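Asks: One predicted model, sequence on top.
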Amino acid sequence: MEEKVNDIFISYRRDGGFATANHLFDLLTHDGYTVSFDIDTLREGDFDTTLLSRIDECTDFILVVDKHTFDRLYGDNYNPESDWLRKELAHALKLKKNVIPVLLAGVNGFPPDLPDDISQVVTKNGPEYNKSYFDEFYRKLKSFLHSKPHLVEKKPDKTKVILGVLAALLALALTCFLVMYGMKQASARADAAREVVDSTCVNPVMGEYVYTGPIDENGLPHGKGLAKFSQGDSYQGEFIHGEFEGECTYINKAEGDKFVGTYKDNKRCEGTYVWQDGTYFTGTYKDNQLDKGVLYDVNGNVLDRYQ
């Protein structure tokens, strides 16, 4: 089977340009372009036979420029043989690729004394980057491309895609909850025949709290109940013989944060954590800390990936 030729090559410095480059890769790939975006693998092998071959086959070359992109060119110990970005850019200019610079915040232009092999980049044009109006920037960026997307069907807009994904995740979570709840109903009915209101309980991890809900034969929270803590926080969800375990919603009153997902062994296990400013993380947790998943801003733009 013939390999799919890359339309676009994205070049960047890891310290400063990775987040933007990764975001552009996700958007362009979603819109039907084939994009070469190396994270680590290509830059560990033979530069001439891997990276340069990707540039050979591409039509467009996007250069992500942050305010420190060219700093190393003027260092005392600078070694051009280990400067992959310079080699990538020089090769693209030599082949007369459609070079599109994306100047990030704080960058007003290129240094005036760039080396000869990349000096022509100052003549190239690109859209003005504006984080506050990213959708407009991205629309203009696509107008600079010579490549055309391979998908002919009209793609839904980003907001609809995000809402669709969130709806699917919520539907999946609801299905899992109903299955788990159905399996536990028989034992829950037997063990949780009694209920208490505003009963003081103590958990070795969560501490002291006031509990309202069903209890087991030993008087421990068991089933779906509500725990209120002295600082104003609340946990509404499932308990198993006194342990915080299962589907729940935890609200941090002081910080204005909220977690919706599952607890295991009295700690966050998997779900979505939403901060007061609207930033949210969806994935798994280890010892109540972010483990594996994706961090989004309030508009659903990817800020970081945890792997």
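Replies: Perfect, thanks for sending it. Numbers count the residues shown, from 1 in each chain.

Asks: Next, Thr59: phi, psi?
Replies: Backbone torsions of Thr59, given as degrees, to the nearest 10, read phi -100, psi -40.

Asks: Equivalent analysis for His91, please.
Replies: Its backbone dihedrals place His91 at phi -70, psi -40, with angles given as degrees, to the nearest 10.

Asks: Near it, how many residues? Count them for me, please.
Replies: In terms of burial, His91 registers 22 neighbours under the definition other C-beta atoms under 10 Å. The way it works is simple: take the backbone N, C-alpha and C, and place the C-beta from them, glycine included.

Asks: That one reaches Leu52, doesn't it?
Replies: Yes - applying C-beta atoms under 8 Å as the test, His91 and Leu52 come out as touching, 5.4 Å apart.

Asks: How about Tyr296, nearest residue that isn't a chain neighbour?
Replies: On the basis of C-beta to C-beta, 6 or more residues apart in numbering, the spatially nearest residue to Tyr296 that is not a chain neighbour turns out to be Tyr280, at 5.5 Å.

Asks: same check, this time on Gly207
Replies: Phe229 (7.1 Å).

Asks: which residue ranges form the strands in the stretch 201-307 of the chain?
Replies: Remark: strands of the stretch 201-307 of the chain, listed N- to C-terminal, are 207-215, 223-228, 234-240, 243-252, 257-264, 267-274, 280-286, 289-296, 302-306; assignment by DSSP state E, counting those that start in this stretch.

Asks: Now do stretch 267-283, average pLDDT.
Replies: The average pLDDT within stretch 267-283 is 95.

Asks: Send me that stretch as CSV with only the CA atoms.
Replies: This file holds the C-alpha atoms of stretch 267-283, laid out as CSV (Å, rounded to 0.1, in the frame of the first residue of the first chain):
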residue,chain,number,x,y,z
LYS,A,267,-9.5,9.0,46.2
ARG,A,268,-10.3,10.4,42.7
CYS,A,269,-9.9,7.6,40.1
GLU,A,270,-11.3,8.8,36.8
GLY,A,271,-13.4,11.7,35.5
THR,A,272,-13.5,15.4,34.8
TYR,A,273,-12.1,18.1,37.2
VAL,A,274,-13.3,21.7,36.4
TRP,A,275,-11.6,24.7,37.9
GLN,A,276,-13.4,27.9,38.8
ASP,A,277,-12.0,29.7,35.7
GLY,A,278,-13.5,27.1,33.4
THR,A,279,-10.3,25.2,32.7
TYR,A,280,-10.9,21.4,32.9
PHE,A,281,-9.0,18.1,32.9
THR,A,282,-10.5,14.8,31.7
GLY,A,283,-8.7,11.6,32.5
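
Asks: ok, Lys158 to Leu27 distance?
Replies: 8 Å (C-beta to C-beta, to the nearest Å).

Asks: I misspoke; the intended subject was Gly213.
Replies: When distance is defined by C-beta to C-beta, Gly213 is 45 Å away from Leu27.

Asks: quick one, longest helix in the chain?
Replies: Once the chain is assigned using DSSP state H, the helix that runs over the most residues is helix 158-191.

Asks: That one - contacts with which helices or strands?
Replies: Judged by 3 or more C-beta pairs under 8 Å, 6 or more residues apart in numbering; DSSP states H and E, the packing partners of helix 158-191 are strand 243-252.

Asks: In its sheet, which strands sit next to the strand it packs on, and in what direction?
Replies: Strand pairing for strand 243-252, using DSSP bridges, gives strand 234-240 (antiparallel), strand 257-264 (antiparallel).

Asks: Can you pull out the residues in contact with the last one?
Replies: In other words, strand 257-264. 173, 235, 237-238, 244-252, 268-276 (C-beta atoms under 8 Å, 6 or more residues apart in numbering).

Asks: Just the buried residues of that strand, please?
Replies: For strand 257-264, the buried set under the neighbour-count rule, 16 or more other C-beta atoms under 10 Å, comprises 257-263.

Asks: Any idea how far the helix or strand of the chain with the lowest mean pLDDT is from the middle of the chain?
Replies: Across the helices and strands of the chain, mean confidence by mean pLDDT, DSSP states H and E is lowest for helix 158-191: a mean of 74. Between the mean C-alpha point of helix 158-191 and the mean C-alpha point of its chain there is a distance of 23 Å (C-alpha atoms, centre = their mean, to the nearest Å).

Asks: what's the pLDDT at Ile215?
Replies: 95.

Asks: Quick check: can you list the domain ranges of this protein?
Replies: Under the assignment automatic domain parsing, the domains of the chain span 8-144, 158-306.

Asks: which residues sit in contact with the residue nearest to Asp31 when sequence neighbours are not counted?
Replies: Leaving out its chain neighbours, the residue that sits closest to Asp31 by C-beta to C-beta, 6+ apart is Pro149, at 5.4 Å. Shown here is Pro149, whose contacts under the criterion C-beta under 8 Å, 6+ apart are 31-33.

Asks: Right, I'll leave it there.
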